[in-house]
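What follows is a predicted protein model with its sequence.
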Amino acid sequence: MRRSIILIVLLIFNFFIFYGIKEFNKVIVDKDMMVYFKEKPVVIESEKIEYLDEIVEEYNGEKIEKIAEKMNKYFAKTSLEEYGEYITKTSAYKKVDPYLVAGIILESTTCKYDCSILFKECNNVYMEKGDPGCFGGSYKKYDKIDDSILDLVLNIRKNFDDPKDQTPVNIYKHFNKNKTWVFRVDKYIENLKRVK
């Protein structure tokens, strides 16, 4: 009787060891920090999809330093004052139009006049939704403004890889916006480009 109980316990133990090893072998963590368990993707970390940085001197024939200088002048006396160079370099190095990124940020945050509460309290530059929620809502709270800017750049790069597609009229539906959003972002882009 005692031998049969020990045998049953050993069989159960072996079954769990074998089953556990078999299931463990099904777990794969890929470069996007996704875990695939039984072929169902589950995000286990909030790591962003990174693209290799390519340091460039120019974007569309304009010097990076000149674009950053224009942005810094345009952002003067606003809460975005120190971010012209970061927006320019992060965008250009990821092959995203810096003027487009700045235009979206200006339209979303209204920082040219008075920054939105989402920007001031949650460091969210483009009304991105996600966890953790800002004030417990659906809009994402970021630790730093830089993280939100990088998220925006990578969002555009991931969904509009071809620089020719990176225009307000081509991307507005992706951001669930309407044609008045296109007009406002275009206006900010024009104003930024005109800065001397």
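Sure thing, it's come through.

which ones are touching the closest residue to residue 58 other than its chain neighbours?
The shortest distance from residue 58 to any non-neighbouring residue, by Cβ to Cβ, 6 or more residues apart in numbering, is to residue 64 (6.5 Å). Any C-beta I mention is one placed from the backbone N, CA and C, and that applies to glycine too. Residues near residue 64 by Cβ atoms under 8 Å, 6 or more residues apart in numbering: 56, 57, 58, 88, 89, 92.

Kindly reformat these as TSV containing distance to residue 191 and secondary structure.
TSV is the format used below for the contacts of residue 64 (distance: Cβ to Cβ, whole Å; DSSP: H, G, I helix; E, B strand; the rest coil):
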residue	distance to residue 191	secondary structure
56	24	coil
57	24	coil
58	21	strand
88	16	helix
89	21	helix
92	19	helix
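
tell me which element the residue nearest the centre of the chain is part of?
By Cα atoms, centre = their mean, the chain has its centre lying nearest to residue 151, at 1.7 Å. Following DSSP states H and E, one finds residue 151 within helix 145-159.

Which positions within that helix qualify as buried?
145, 147, 148, 149, 150, 151, 152, 153, 154, 155, 156, 157 (16 or more other Cβ atoms under 10 Å).

and it, average pLDDT?
Helix 145-159 carries an average pLDDT of 93.

hey, where'd the strands end up in this structure?
Counting by DSSP state E, the chain has strands at residues 28-29, 34-37, 40-43, 58-59, 62-63.

strand partners of the last one, parallel vs antiparallel please.
This means strand 62-63. Strand pairing for strand 62-63, using DSSP bridges, gives strand 58-59 (antiparallel).

Quick check: mean pLDDT of the strand it pairs with?
pLDDT averaged over strand 58-59 gives 91.

Check stretch 130-142 too.
Per-region confidence: stretch 130-142 scores 90 on mean pLDDT.

Setting aside sequence neighbours, what's the nearest residue to residue 143?
residue 123 (6.9 Å).

ok, the one you found - how many residues close by?
Other residues within reach of residue 123, judged by other Cβ atoms under 10 Å, total 18.

swap in residue 116?
Around residue 116 there are 15 residues (other Cβ under 10 Å).

same check, this time on the one 5 residues further on
Residues lying near residue 121 (other Cβ under 10 Å) number 12.

from what I can see it touches residue 134, true?
Yes: using Cβ atoms under 8 Å, residue 121 is in contact with residue 134, at 6.7 Å.

contacting residues around residue 102?
Contact analysis of residue 102 by Cβ under 8 Å, 6+ apart lists 71, 74, 84, 87, 88, 188, 189, 192.

Isn't the last one up against residue 103?
Yes: between residue 192 and residue 103 there is a contact at 6.9 Å, judged by Cβ under 8 Å.
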